[in-house]
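Q: Here is a sequence together with a model predicted from it:
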Amino acid sequence: MTDLVVSEDKIIERILTMELVRVTERAAVASAKLRGHGNEKAADQAAVDAMRRELNKLPIDGTVVIGEGERDEAPMLFIGERVGTTKGPKVDIAVDPLEGTTLCAKDMPGSIAVMAMAQAGTLLYAPDVYMDKIAIGPGYPKGIIDLDKSPEENINALAKAKGCKPNEITALVMDRPRHAELIAKLRAIGCSIRLITDGDVVGVIQCAEPATGIDIYLGIGGAPEGVLAAGALRCVGGQMQGRLILDTPEKVARAATMGVKDPNKKYDLNELASGDVVVAATGVTDGALLKGVKFKGDIIETETIVYRSLTGTVRRITGEHRELAKFHLD
């Protein structure tokens, strides 16, 4: 009798469907219990604790290569943390247990629990710093956008490729003081701008969703969110570039210890997230991408979207959780 040999790809495929969904579902439900309470750190802590607990149940030897929390001293699944039972394939983990902590604390639209998993060595390994990003959806010639071009040049190139005028392009930008000059330049050429307060994982993904009306994402956001968004964008098509903002000697030195040799390197989509990557996101509050958690007596309802780059598969999964409602995650 021969031994049954299961390839790592098959093991990852099995883990990265319902198992990953369970991880983000638990994080979303935990933080949703604190929606509207005005306590960002408590909501983030609840999501982190739930995500860590579920990750450590998985039959993987995982390492968090993109984590959250260092920049704002929030609770974290820290970079370099080992997760899983260690009895399984070696994988990279990227997490944002609660993207949009402010959105959750204020019970505003668009907060999600999100994570990515891929074969070891295929997700960008970088400190939790800011990242300059640009992204568009599928259907355009390669290289149509570039971080080294001005906003005006990128908008004009995109409009030409789309067969429209610059004033028919809609850009998504985070509403931050650091983007005042960017916003002014975009408006000067007539570009429409949709401002968001938080949630740039969802923001990048919206570029690939025709129904949203978003043509391009521009601006500076978190590096973890950039890697997570890149993983999702690889599954549905599109282009993206990112550059780490390493603006102090300490950040440059720390990045160097993590293998970042060129602090000014411009990463393309496949350098941010390569190999077979799966991204799972569960809604915490209602938003453009996902419905939020619903508490209905003895049932908790969730909605999750799962992206897999190897197959280009996008799954939407709705869940009714009776045990979670019964035991309140205890």
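A: Arrived safely. Residues are numbered from 1 along each chain as shown.
Q: Mind jotting down where the helices sit in this protein?
A: Remark: helices assigned in the chain by DSSP state H are 8-14, 20-32, 40-55, 101-105, 151-162, 180-188, 200-206, 223-236, 249-257, 269-272, 322-327.
Q: just so I know, which of those helices lies nearest residue 283?
A: Nearest to residue 283 among the helices of the chain is helix 20-32; the distance by CB to CB comes to 6.6 Å. Placement of C-beta: from N, CA and C, glycine included.
Q: just checking, what packs against the closest one?
A: Where contact means 3 or more CB pairs under 8 Å, 6 or more residues apart in numbering; DSSP states H and E, helix 20-32 is packed against helix 40-55, strand 90-99, strand 112-119, strand 277-283, strand 299-308, strand 313-321.
Q: Would you reformat the ones you listed as TSV and include distance to residue 23?
A: Output for the helices and strands packed on helix 20-32, formatted as TSV (distance: least, CB to CB, whole Å):
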stretch	distance to residue 23
helix 40-55	4
strand 90-99	9
strand 112-119	6
strand 277-283	7
strand 299-308	10
strand 313-321	13
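Q: nearest to residue 67, of these?
A: For those, the distance to residue 67 is smallest for strand 90-99, at 6.1 Å, taking CB to CB.
Q: Buried by neighbour count: which residues of that closest one qualify?
A: 91-99 (16 or more other CB atoms under 10 Å).
Q: Let me see the mean pLDDT of it.
A: For strand 90-99, the mean pLDDT works out to 94.
Q: now that strand and strand 277-283, what's the angle there?
A: Strand 90-99 runs at 20 degrees relative to strand 277-283, counting by axes from the mean of the first three to the mean of the last three CA atoms, to 10 degrees.
Q: what lines up beside strand 90-99 in the sheet?
A: Using DSSP bridges, strand 90-99 pairs in its sheet with strand 61-66 (parallel), strand 112-119 (antiparallel).
Q: Of the ones you listed, give the one that comes closest to residue 54.
A: In terms of CB to CB, the element of the strands paired with strand 90-99 nearest to residue 54 is strand 112-119, at 9.9 Å.
Q: and of the strands paired with strand 90-99, who's closest to residue 38?
A: Proximity to residue 38 (CB to CB) singles out strand 112-119 among the strands paired with strand 90-99, at 19.2 Å.
Q: Closest to residue 118 out of the buried residues of strand 90-99?
A: Relative to residue 118, the closest of those is residue 92; by CB to CB it sits at 5.0 Å.
Q: How much space separates that closest one from residue 293?
A: If you measure residue 92 against residue 293 using CB to CB, to the nearest Å, the figure is 27 Å.
Q: low-confidence ranges in the protein?
A: Judged against pLDDT under 70, the low-scoring parts of the chain cover residues 1-16, 68-75, 325-330.
Q: still on that earlier bit, which one of the helices of the chain lies nearest to residue 117?
A: Nearest to residue 117, of all those, is helix 20-32, at 6.3 Å by CB to CB.
Q: How is this structure divided into domains?
A: 8-123+277-327, 130-272 (automatic domain parsing).
Q: Run the chain-centre distance for the last one.
A: On the basis of CA atoms, centre = their mean, to the nearest Å, domain 130-272 sits 13 Å off its chain's mean C-alpha point.
Q: again with stretch 95-103
A: Worked out by CA atoms, centre = their mean, stretch 95-103 lies 10 Å from the chain centre.
Q: Please save the CA atoms from it in CSV.
A: Presented in CSV, the C-alpha positions along stretch 95-103 are these (Å, rounded to 0.1, in the frame of the first residue of the first chain):
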residue,chain,number,x,y,z
VAL,A,95,-3.1,40.6,8.9
ASP,A,96,-5.2,43.6,9.6
PRO,A,97,-7.6,42.2,12.3
LEU,A,98,-9.7,45.4,12.2
GLU,A,99,-9.2,47.6,9.2
GLY,A,100,-11.0,50.8,10.0
THR,A,101,-10.8,50.9,13.8
THR,A,102,-12.3,54.4,13.8
LEU,A,103,-15.1,53.2,11.5
